[in-house]
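# Quick one: sequence plus predicted model below, questions after.
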Amino acid sequence: MNENVCIDCGKKICKVSIRCGSCAKKGKNHPMYGKIPWNKDLTKEIDERMKKSSESHMGQKAWNKDKPLSEKHKKGISVGNKGRKAWNEGFGDYIKGEKNPMYGKQQTDETKRKIRGQIKEIMKDPKVRERISKLASTPEAIQQSLRNSYGNKCYYDNEFFPSNAERDCYIELKKLGFKIKHNFEGRFDFLINDKIVVEFHSCQFLDKKTPKQYYKDRRKLLNKYGYKDLKLIVIKDIKEIENKLILEGGLI
């Protein structure tokens, strides 16, 4: 068969066509381009056709439910995705810092009340309580739950970090050769050489506390738990770790 190339993407196609299959239905070439779908803004509550369509699918079992993928199928998916960018790659940059719509804001008391009410309703379900109980039964289960929720990006040295910034702080401290206890007493970020508690606090946090205010709160908490002899250093930027430990900690 004679070959031609798509006028849009340059892909090889048969000579009788001028566009490949995907380009023929893209943008203005799509037959529904500029047209309003018949079911726009229609729901099963207000439209009989939508209601019938919804009811016809109720109770049906998905064709692939409880059917694990074969190794061949998994390998095919893996090969097909190699070299492709993730759909959400770089998305975090659009909502980081001041670009985040909630930057510097706090939830209203009304919103907090609604969230609290919703959580209480969810927790009334015995199945939910049982699932949470099982997850919290062993450290391994907790770690796996965190991995499922946050992925592997917040893990390093088999340690879980609630943010990438805290993980990067840990990596910098490791580079300096310190003895580090992460999540010290379950309340503090790092204990360095059994002498200094290092807390990472960014001004971007929603509590709006300045480093000085944060320092006072953490110092009170340290004293409360009997660690009056430990020094406390609050770091707001990873770049200042080394200087802080030299000037305030006297470690280097």
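Looks like it came in fine.
# When you work out contacts or count neighbours from here on, use the C-alpha atoms and nothing else.
OK.
# Can you check the pLDDT for Lys74?
pLDDT recorded at Lys74 is 91.
# and it, how far is that from Lys82?
12 Å (C-alpha to C-alpha, to the nearest Å).
# who has more neighbours, the two?
Neighbour tally, Lys74 and Lys82, criterion other C-alpha atoms under 10 Å: the higher count belongs to Lys74, 12 against 8.
# Okay, and the more buried one sits in which element?
Counting by DSSP states H and E, the element that carries Lys74 is helix 71-81.
# what do you get for Lys112?
helix 109-123.
# and for that helix, what are the contacting residues?
128-129 (C-alpha atoms under 8 Å, 6 or more residues apart in numbering).
# Now do the next helix or strand after it against helix 109-123, angle only.
Reading on from helix 109-123 to the C-terminus, the next helix or strand found by DSSP H and E is helix 126-135. For helix 126-135 against helix 109-123, the angle between stretch directions is 90 degrees (axes from the mean of the first three to the mean of the last three C-alpha atoms, to 10 degrees).
# Spell out the residue ranges of the strands in the stretch 1-150 of the chain.
For the stretch 1-150 of the chain, the strands defined by DSSP state E, counting those that start in this stretch occupy 3-5, 12-14.
# Using CSV, lay out those together with mean pLDDT and distance to Tyr33.
CSV is the format used below for those (pLDDT from 0 to 100; distance: least, C-alpha to C-alpha, whole Å):
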stretch, mean pLDDT, distance to Tyr33
strand 3-5, 75, 24
strand 12-14, 74, 24
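# Rebuild the ones you listed as a markdown table, extending it with distance to Leu42.
Formatted as a markdown table, the strands of the stretch 1-150 of the chain follow (distance: least, C-alpha to C-alpha, whole Å):
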| stretch | distance to Leu42 |
| --- | --- |
| strand 3-5 | 41 |
| strand 12-14 | 39 |
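# Let me have those in CSV, extended by distance to Ile132 and mean neighbour count.
Below are the strands of the stretch 1-150 of the chain laid out as CSV (distance: least, C-alpha to C-alpha, whole Å; neighbours: other C-alpha atoms under 10 Å):
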stretch, distance to Ile132, mean neighbour count
strand 3-5, 57, 14
strand 12-14, 54, 15
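# Could you point out which of the ones you listed sits nearest Gln60?
Gln60 lies closest to strand 12-14 among the strands of the stretch 1-150 of the chain, at 39.9 Å (C-alpha to C-alpha).
# The closest one: partners in the sheet, and parallel or antiparallel?
Take DSSP bridges as the rule and strand 12-14 pairs in its sheet with strand 3-5 (antiparallel).
# OK, contacts around Leu247?
With C-alpha under 8 Å, 6+ apart, Leu247 has no contacts at all.
# For the stretch 101-250 of the chain, which segments are assigned as helices?
Taking DSSP state H, counting those that start in this stretch as the criterion, the stretch 101-250 of the chain carries its helices at 109-123, 126-135, 139-150, 164-175, 211-224, 241-244.
# Comparing the ones you listed, which yields the minimum mean pLDDT?
helix 139-150 has the lowest average pLDDT among the helices of the stretch 101-250 of the chain, namely a mean of 60.
# Contacts made by the helix holding Lys74 with the rest, please.
Residues from elsewhere that reach helix 71-81 (C-alpha under 8 Å, 6+ apart): none.
# okay, now the domains of this structure?
What automatic domain parsing lists as the domains of the chain is 1-31, 162-249.
# Tell me the buried residues in the shortest one?
For domain 1-31, a neighbour-count test (16 or more other C-alpha atoms under 10 Å) marks 4-6, 13, 18-20, 23-24 as buried.
# Relative to Val197, which of these is nearest.
Among the buried residues of domain 1-31, and counting by C-alpha to C-alpha, the member closest to Val197 is Cys23, at 58.9 Å.
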